[in-house]
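> Attaching a predicted model along with its sequence, questions to come.
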Amino acid sequence: MHLSFLVGAAAALVGGTMSEKKSDKPYGSWESPITSKAITAGSVGLGGLKVVIDDDGKEDKVFWTEMRPQEGGRYVLCQYDESSDNKKKDISPPDSNVRTRVHEYGGGAVTFGADNLLFFSEFTTQQLHKLTVTTKDTCSSSTSSEPMTPTGYRFADGVYDATRKTIFSVREDHSNNPAPKDVVNEIVAIDTTTTTTTASKDSSNTVTVVVATGNDFFAAPRLSTTDATQKLAYITWNHPNMPWDATQLKVVTLSSASRHIVMDGMAHTDSHTVIAGVDGDTSVLQPLWHPHTGDLFYISDESGFYNIYKATMPQDFSTTPPASVNVLPMEFDFGGAAPGWSLGQQGFTFLQDGRLVATYTKQGISILVVANVAEPGPATQIQEFSAEDSTLPRQFGGVVAGSGTALYFLGGSPSTPTCLYKWDLSDAQQQQPPVLLASSSSLQFPSSVISTPQQITFATTLGNAYGYYYPPTNGNYTCTTESAPPLLVKAHGGPTACASTTFNAGIQYWTSRGFAVLDVDYGGSTGYGREYRRRLRKSWGIVDIDDVCAGAKHLVEQQLADKERLCIDGGSAGGYTTLGALAFRNDVFKAGCSLYGVGDLTALAGDTHKFESRYLDGLVGPYPQDEAIYKQRSPIESVDTLSCPILLLQGMEDKIVPPNQAETMHQALLQKGIPTCLKMYEGEQHGFRKAENIQDALDSELAFYGKVFGFDVPGGIDLKIDNM
Ligand SMILES: *[C@@H]1O[C@H](CO)[C@@H](O)[C@H](O)[C@H]1NC(C)=O
């Protein structure tokens, strides 16, 4: 119930000139250049960063994926291209959509092979396509690809074995049309040489061998590189766990480095060696073999935080368990913002010289750590870099090593959208700024309309909770007629995820119009260690709601928000927190907007896809044993206590939170005579990707609050609200 992509990240700054005379206008009705149209016009979602180092180890080929709202939300594989005008070229064919649906959230849709070969998952059929990248090729229509796997299967998070010319990939089996919950996840080896040519599109004779099977989930197949790719490491877990609850890191020795994989009945995961996660209560993720020492690195939360561990593998590791050491013991989470939600996540990397590069976040600011991990024991020669003492962005992740001491990453700041940077770590000492290679936005907004977040800590039921407060900000306006602005509280999706302080036009849209915004990292959020993350165990619908309410009240007490105009919104799991806060705590918020939120937990328990089908066991309780609790915590069951206006926005093709959730909620609100409006968007799944729908969703929400709170929205859309 998470949002797996970033959109609406827009805009770098241009020098803002404060107007001499500010107009005095009610909060909410300020005019802003950050329009919904501007947000989508020049913005893309950036992700899937990958660097391929040339054979001679000198030249880097830098790839990433762009989610383009202007092209119907299509995902395009791009390559950095110094010589072209916009410094990039499209690699995937013009009619393709590079996106995998494994676990519905996907991730790791592209696998890079040798000799300019790459393999990508095509969204429409979920087949793996083989593509040869010719160096001359720009985004010409001659770029073509051929399917190499049969339909009925999904693939993700692959790794290419050049010796065997084989891809090791996570495969999700949808053939024979199983119920969504009954699909089979495995790790397979796909022989890339047996695929058919374009002339014959029958791709069913690709030789595929199951390498790991028998558990509910598999992720991150990673081949050792120091011993002729003989060992395969991977992550696996079973229902009812989610990857941040309990997983295992396992290793299997492959038959030999010969061309063809033969498992000889050894594909069952039970016959593979557990390297970490034996106690069944530890989350282990992101395995990566050290390119020189052959040690197996991974993140694990066994210390109470996601720290990085190193397992030194004995010759016969299946009888002598490896010794693991926490290389950077710290009370901070490594591994990226929300590890486990999508495949292909990797929060640390190794430079060519073998040094470890990793990031963690401290009070909303990313810290980059570079350390020597070649010696036995913890890391040595530890260097730290952050925005505070260098020119790095404030928040970043997904570090990827290039040739030499080159490091690539996606990063952003409160005033800069997500961008792709290259940073030479040999230059770092000389304080050279990272070089910008690509941006998620071409738009520029004046700095006078950019609100800068401040991290706040506030008291709540279980101690402290956290959030980012954004004051209303627009150099052209003031408001002297009202004592405090309306406040929009945002509840992030997940719920096991976190808010980001990287420039988000979807927040600035509000603050530049005179709203205060509070983006809450309620109990259960990632980035504050295991205990904080586990606050939500069996307590979803309690802790998160307590915290969003406590955050709103805190700002009211500080006179930063108007008690009578507190509103809340959230997508996905955040939509549930939104509906729950309105239903169960009707003394705090006066209006709300649920974007594809959950109204009925019971229906979700029966309805959602495999990956999350048992998520609620941990968040609420086992079903159906705890059915009473499910009912108690379902906003739909509390229509009696619902009293304030609610806007519902929903994608019609959503498999994660199906449309019936919004429809049922809408019916109930209609019957109770509560002002409400339901908007269903065609061709949208979980989260909106099409420009026109992203725009309409934002403008509808503003129009909704305008009508409910009675302020004018200059140039706003006409929204019909039922019961009003
Ligand atoms: C502020 O107002 C001036 C004059 O109307 C206008 O030209 C300018 O674009 C406005 N700035 C912003 C940030 O809206």
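Sure thing, it's come through. Numbering: from 1, shown residues only.
> ok, the closest residue to the ligand within the stretch 151-300 of the chain to Thr361 distance?
Distance from the ligand to each residue of the stretch 151-300 of the chain (CB to the nearest ligand atom) is smallest for Trp244, at 41.1 Å. Quick note: C-beta positions are derived from backbone N, CA and C, even for glycine. Relative to Thr361, Trp244 is positioned 16 Å away (CB to CB, to the nearest Å).
> same check, this time on Tyr309
On the measure of CB to CB, Tyr309 and Thr361 end up 19 Å apart.
> pLDDT of the helix of greatest length in the chain, averaged?
When the chain is parsed with DSSP state H, its longest helix is helix 691-709. Taken as a whole, helix 691-709 has an average pLDDT of 96.
> List the contacts of the residue of the stretch 251-400 of the chain found nearest the ligand.
The nearest approach of the stretch 251-400 of the chain to the ligand comes at Arg394, 22.9 Å away (CB to the nearest ligand atom). Taking CB atoms under 8 Å, 6 or more residues apart in numbering, we find Arg394 in contact with 364-366, 387, 411-414, 501-502.
> and if you look at Ile456?
466-469, 518, 551, 554.
> now, which of those lie within strands?
466-469, 518 (DSSP state E).
> Among these, find me the one that's closest to Ile646.
Within those, the smallest distance to Ile646 is 19.0 Å, found for Leu518 (CB to CB).
> Can you get me a residue count around the closest one?
By other CB atoms under 10 Å, 26 other residues sit near Leu518.
> The one 3 residues further on now?
Counted with other CB under 10 Å, residues neighbouring Asp521 total 25.
> How about Val252?
23.
> what does the model give it for pLDDT?
Predicted confidence (pLDDT) for Val252: 95.
> Can we start the residue count at 898 from this point?
In the new count, where the first residue is 898, that last one comes out as Val1149.
> tell me the contacts of it?
Per CB under 8 Å, 6+ apart, neighbours of Val1149: 1108-1109, 1128-1129, 1131, 1163, 1168-1170.
> quick one on the thing from earlier: helices or strands next to the longest helix of the chain in the packing?
Counting contacts by 3 or more CB pairs under 8 Å, 6 or more residues apart in numbering; DSSP states H and E, helix 1588-1606 packs against helix 933-938, helix 1402-1408, strand 1463-1468, strand 1488-1492, strand 1543-1548, strand 1573-1578.
> Only the buried subset of the contacts of Arg1291, as a PyMOL command please.
The buried residues among those can be selected in PyMOL (16 or more other CB atoms under 10 Å) with this line:
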select buried, resi 1261+1262+1263+1284+1308+1309+1310+1311+1398+1399
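> Now, the contacts of Arg1291 that are in strands?
1262-1263, 1308-1310.
> Out of those residues, which two are the most distant from each other?
Ile1262 and Gly1309 (12.0 Å).
> Show me whatever sits in contact with both of these two.
Joint contacts of Ile1262 and Gly1309 (CB under 8 Å, 6+ apart) are 1291-1292.
> Now do the end-to-end distance for stretch 991-1007.
With CA to CA, to the nearest Å as the measure, stretch 991-1007 spans 16 Å from end to end.
> Buried ones in it, by neighbour count?
Per 16+ other CB under 10 Å, stretch 991-1007 contains these buried residues: 993-1007.
> who are the neighbours in contact with the closest residue to Asn1013 other than its chain neighbours?
Leaving aside its sequence neighbours, Asn1013 sits nearest to Val1030 (CB to CB, 6 or more residues apart in numbering; 4.6 Å). Going by CB under 8 Å, 6+ apart, Val1030 touches 976, 988, 1013-1015.
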